[in-house]
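Undergrad: Sequence isn't available, so here's the structure alone:
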């Protein structure tokens, strides 16, 4: 339900305000308003409460105000909870709970005073349960007597709170009846004036981007594209530091081997996925940008590939943050990497709130497996995918979602790429203007969805989150198998200063390009879409993610040279221009899309109409449509049977090259 989704978002933003301002928790206090039925019924309430004492999630206490109407829409308390009070869930963390009659105005005010004093002194959550009622039911047009007839017979006879309190004050001689009438009229006049103003109100820039956000551009403004590479000496420094065992910590033998292998890659001027990610984080830290990585098992990494926190094997509690000392103290930003409790919904909301406080930081949430993001779908739907459209609020939050088919079960194979693409707001029928000073494709998009195949592209994607003049959420289908795949490495040249993220990576094999006619100066390593034409290629396969390496291996085994492969690294916003240009490099090729996910899942339903639109601007493929190759439609994301998985893989790889 949406009713309690905002709770961890508030907590995350409060924690961030405390962190970036460098103040104590007493200086920033989160306050959350609840309903009685939702506080008792929604699981995210517990996920939020469970953070109260966690080292990197505590805010020094939240004030919870429960407006207890004694009815949940139409449901009686006897049917909406199994506890005497709607606030009993807060007992799990020992929070004080103050129950107060909503008709007793001064008692309510006193409870607020007590709650704030408690929170400021003891740094814990406090709950205020205001027992009251809704005079008109769920809304002004509702009829509550359908379901609570006796209660609402009494409510009809109950005088309004302001009338009761006003009469008591007048009787005591505190104020006159005339003064009460004047105040009531003043409030009515102010509300009516605001209502009239709202009819013509236009949101001002300062309402959207303020404080740390000053200078950030709105989605209607054009922004420059920046290179995101780094100097070679900085790259080598970070990579070597990340590959060296820390002093004073007895390192696990297997981790020693991992560090030695990392150093060998550095000496060979190559980076695997772990090094590529560390280079992105480390370089941002050295540029004084805070980096925060949160989620289940992120310190080590679910697949034991990261090891950003190294634990001593002999002394309990002794550990080392591998990216915290890249420079002398004060010469780099702090790096926060923290294992969360076993929560997706709550923790993702917390990180969203954290990311909204300061754009000059990289905030990442990583799912243990991408599949588990589905338990946080409410956050994704309500806030992350649509926050800028709804409220003009930008966020650069990064979702790292391990995705890929290796024969595991249906709960450990798919990050549900199709769901994220369905939430993208780019028009499948519109070929965007991509001229340098006219393009606004990414500025106008609601977010970005990428499925990178190289460590360097991940590096650039993470860095551009901070180096842009605006902020967009980034959804990354991050790999599992590619973390250690021998071909999934990037040379140091791909990280150099004049480099940036590649939305599409075209064919890399010179033999496929053999005999091509050069129409203009071409990129010698084919790292960019080039103006070449070869009529010898009979099929052009577009794909995304790790299936590229399966296709590459199958092509090499078969000795095929007349099928070209192109990787769409950024699925959304879709690279219409690059797809069109690359398709025209092969005038006689059949256009095919290959994916490892079932047909009703993955990217197919998103890319098919967009490839078709891209080809409407093609010289050689005008009116063309892509063919599909991949698994058949399935209700389950994956088979869960290794034998069946391999058979399915072999079948669609064979079809791809027939």
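TA: Great, that's in hand. Fair warning: this is a prediction, and the values are worked out from it, not measured in the lab. Numbering: from 1, shown residues only.
Undergrad: And residue 278, how far from residue 232?
TA: Distance, residue 278 to residue 232, using Cβ to Cβ, to the nearest Å: 16 Å. C-beta coordinates here come from the backbone N, C-alpha and C atoms, glycine included.
Undergrad: quick one: pLDDT of the residue most central in space within the chain?
TA: By Cα atoms, centre = their mean, the chain has its centre lying nearest to residue 399, at 3.6 Å. pLDDT recorded at residue 399 is 98.
Undergrad: Over to residue 215?
TA: pLDDT for residue 215: 81.
Undergrad: That one and residue 500: what is the separation?
TA: Taking Cβ to Cβ as the measure, residue 215 falls 21 Å from residue 500.
Undergrad: So if I had to pick from the two, which one is more boxed in?
TA: Neighbour totals were compared for residue 215 and residue 500, and residue 500 leads with 16 against 9 (other Cβ atoms under 10 Å).
Undergrad: coming back round to it: got phi/psi on the residue nearest to the centre of the chain?
TA: Phi and psi for residue 399, reported as degrees, to the nearest 10, are phi -110, psi 120.
Undergrad: hang on, isn't it packed against residue 372?
TA: No. The pair residue 399 / residue 372 is not scored as a contact, 11.4 Å apart, by Cβ atoms under 8 Å.
Undergrad: quick one on the thing from earlier: neighbour-wise, which of residue 278 and residue 232 wins?
TA: The residue with more neighbours, out of residue 278 and residue 232 and counting by other Cβ under 10 Å, is residue 278; that gives 25 against 14.
Undergrad: Who are the contact partners of the more buried one?
TA: By Cβ atoms under 8 Å, 6 or more residues apart in numbering, the contact list for residue 278 reads 238-239, 242, 308, 322-323.
Undergrad: contacting residues for residue 568?
TA: Neighbour list for residue 568: 451, 503-504, 542-544, 574-575, 579, 603, 607 [criterion: Cβ under 8 Å, 6+ apart].
Undergrad: List only buried entries from those residues.
TA: 451, 503-504, 542-544, 574-575, 579, 603, 607 (16 or more other Cβ atoms under 10 Å).
Undergrad: And residue 371, how far from residue 605?
TA: Going from residue 371 to residue 605 by Cβ to Cβ gives 19 Å.
Undergrad: Please say which of those two ends up with more neighbours.
TA: Neighbours around residue 371 and residue 605, counted as other Cβ under 10 Å, are more numerous at residue 371. The numbers are 22 against 15.
Undergrad: Quick check: closest non-adjacent residue to the more buried one.
TA: Closest residue to residue 371 apart from its sequence neighbours, by Cβ to Cβ, 6 or more residues apart in numbering: residue 411 at 5.1 Å.
Undergrad: Quick check, pLDDT for the one you found.
TA: pLDDT, read off for residue 411, is 95.
Undergrad: From residue 372, how far out is it?
TA: For residue 411, the distance to residue 372 (Cβ to Cβ) stands at 8 Å.
Undergrad: tell me the contacts of the residue nearest to residue 371?
TA: 369, 371, 637.
Undergrad: Give me the pLDDT value at the first one.
TA: Per-residue pLDDT puts residue 369 at 96.
Undergrad: Please report the distance of it from residue 277.
TA: Using Cβ to Cβ, residue 369 is found at 17 Å from residue 277.
Undergrad: Among those two, which residue is more densely surrounded?
TA: Applying other Cβ under 10 Å to residue 369 and residue 277 shows that residue 277 carries more neighbours, namely 25 against 20.
Undergrad: Look up the closest residue to that one, ignoring the ones flanking it.
TA: In this structure, residue 277 finds its nearest non-sequential neighbour in residue 458, 6.3 Å apart by Cβ to Cβ, 6+ apart.
Undergrad: do residue 30 as well
TA: Distances taken as Cβ to Cβ, 6+ apart place residue 14 nearest to residue 30, at 3.9 Å, with adjacent residues excluded.
Undergrad: same thing with residue 421?
TA: Nearest residue to residue 421, sequence neighbours excluded (Cβ to Cβ, 6+ apart): residue 606, at 3.9 Å.
Undergrad: Contacts made by the helix or strand encompassing that neighbour with the rest, please.
TA: According to DSSP states H and E, residue 606 maps onto helix 604-615. Identification of contacts with helix 604-615 by Cβ under 8 Å, 6+ apart yields 418, 421-422, 424, 428-431, 542, 544, 568, 571-572, 574, 576-577, 579-580, 583, 591, 593, 595, 597, 621-626, 628, 630.
Undergrad: Can you name the element that comes right after it?
TA: Remark: after helix 604-615, the chain's next helix or strand is strand 627-631, criterion DSSP H and E.
Undergrad: Parallel or antiparallel, list what pairs with that following strand.
TA: Strand 627-631 has the following sheet partners, assigned by DSSP bridges: strand 590-598 (parallel).
Undergrad: Check which residues of the strand it pairs with are buried.
TA: The neighbour-count check on strand 590-598 (16+ other Cβ under 10 Å) flags 591-598 as buried.
Undergrad: Test my guess that residue 415 contacts residue 368.
TA: No. Using Cβ under 8 Å, residue 415 makes no contact with residue 368, being 11.2 Å away.
Undergrad: which sections of this structure are below the confidence cut-off?
TA: The model of the chain has pLDDT under 70 over residues 1, 203-210, 518-530.
Undergrad: and with 90 instead?
TA: When residues are selected by pLDDT under 90, those of the chain lie in 1-3, 73, 136-142, 201-225, 329-330, 391-392, 435-439, 514-535.
Undergrad: and residue 641, how many neighbours does it have?
TA: A count of neighbours around residue 641, defined by other Cβ under 10 Å, yields 12.
Undergrad: actually residue 577, sorry about that
TA: Residue 577: 20 surrounding residues under other Cβ under 10 Å.
Undergrad: Roughly how far does it sit from residue 381?
TA: Following Cβ to Cβ, the distance that separates residue 577 from residue 381 is 30 Å.
Undergrad: which residues of the stretch 1-150 of the chain fall in helices?
TA: For the stretch 1-150 of the chain, applying DSSP state H, counting those that start in this stretch gives helices covering 6-21, 36-41, 43-49, 77-80, 105-122, 149-157.
Undergrad: Roughly how far does residue 134 sit from residue 153?
TA: Taking Cβ to Cβ, one finds residue 134 at 15 Å from residue 153.
Undergrad: The two - which one has more neighbours?
TA: Neighbour totals were compared for residue 134 and residue 153, and residue 134 leads with 19 against 10 (other Cβ under 10 Å).
Undergrad: Run a quick neighbour tally on the closest residue to that one other than its chain neighbours.
TA: The shortest distance from residue 134 to any non-neighbouring residue, by Cβ to Cβ, 6+ apart, is to residue 69 (4.6 Å). Other residues within reach of residue 69, judged by other Cβ under 10 Å, total 22.
Undergrad: Contacts only, for residue 69.
TA: If you count contacts by Cβ under 8 Å, 6+ apart, residue 69 has them with 35-36, 132-134.
Undergrad: Is residue 461 in contact with residue 449, as I believe?
TA: No. Residue 461 lies out of contact with residue 449 (Cβ under 8 Å); the separation is 10.9 Å.
Undergrad: which of the two has more neighbours?
TA: Using other Cβ under 10 Å as the criterion, residue 461 and residue 449 rank with residue 449 on top: 25 against 22.
Undergrad: Pretty sure that one sits against residue 572.
TA: Yes. With contact defined as Cβ under 8 Å, residue 449 reaches residue 572; the gap is 4.3 Å.
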